[in-house]
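>>> what would the 3D arrangement of this be:
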Amino acid sequence: MNVDTDEQLVARWQRSRDMAALDALRTRLRPLIASQVSKYRANAVPQLLLEAEADRLMVDAAGSYRPTAGASFRTHVFTNLRHLNRFSAARSNIASIPEARAQKIGLYNRVFEQMSSEKRRPPTTSELADELMWPLNEVMTMQRSLRRDIPTPEHTPGALNYEARVGQVLADIRHELTPDELRVFDLINKRGIKKGQDIARLTGFSAAKVSTLRTSIGRKMERWL
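Predicted structure coming up:
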């Protein structure tokens, strides 16, 4: 049985957007992509975001590859994955936020926006404390935290700093995830399980399905940020 080369799979993708060809490329290139993603984990950028961006860069490489340029497709992908450096640097201000804190940030922001809309002015600290049923000093601590001057990437909108946005995303995105995505998301963010093979074993999903779910979750997070 003949097996398509990487370049033949790319040609199928470019010619007819053959998803089977693209999925085969994803499977073959998974070790290369994982090795490149691992270089940037120390920057505290959520791994799911890095994986989603790496997948996007791989798909871009599949679309732009020209065999007449002389390089193999894998070399072309490797070169394209260098853009992860800029992607990671732009998001290096994201802190690793525990889920309990993420939920508190999300709750604070929702209550603040709701009260601002109802009162047509920003609520006072005392009003927020009453509504949230938090001690006054806890509300003040949260406000100081959210006022910190953390730079945000140019393409991200909004007045909230990046830490606050990430916290709200981690708290709220669960409502946008499918049941299968939620199982993977909780294993990663609640139990700290990162390896695809471990997630596959615990969920009963195939490795390919785990990879697809992680990419989908990462893209949803990126869209919110």
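>>> distance check, the residue positioned nearest the centre of the chain against Arg201.
Nearest residue to the geometric centre of the chain (Cα atoms, centre = their mean): Leu49, 2.5 Å. Separation of Leu49 from Arg201 (Cβ to Cβ, to the nearest Å) stands at 24 Å. (Each C-beta comes from the backbone N, C-alpha and C, glycine too.)
>>> what of Leu25?
Distance, Leu25 to Arg201, by Cβ to Cβ: 25 Å.
>>> same drill for the two, tell me which one is more crowded.
Legend: neighbour count by other Cβ atoms under 10 Å for Leu25 and Arg201, higher for Leu25 (23 against 13).
>>> now that one. Nearest residue, chain neighbours left out?
With sequence-adjacent residues excluded and distances taken as Cβ to Cβ, 6 or more residues apart in numbering, Leu25 is closest to Leu9, at 5.2 Å.
>>> output the contacting helices and strands for the host helix or strand of that neighbour.
Secondary structure from DSSP states H and E places Leu9 in helix 6-16. Where contact means 3 or more Cβ pairs under 8 Å, 6 or more residues apart in numbering; DSSP states H and E, helix 6-16 is packed against helix 19-38, helix 47-64, helix 73-80.
>>> tell me which of these sits nearest to Phe205.
helix 19-38 (14.4 Å; Cβ to Cβ).
>>> from the chain's centroid, how far away is that closest one?
The chain centre lies 17 Å from the centre of helix 19-38; the measure is Cα atoms, centre = their mean, to the nearest Å.
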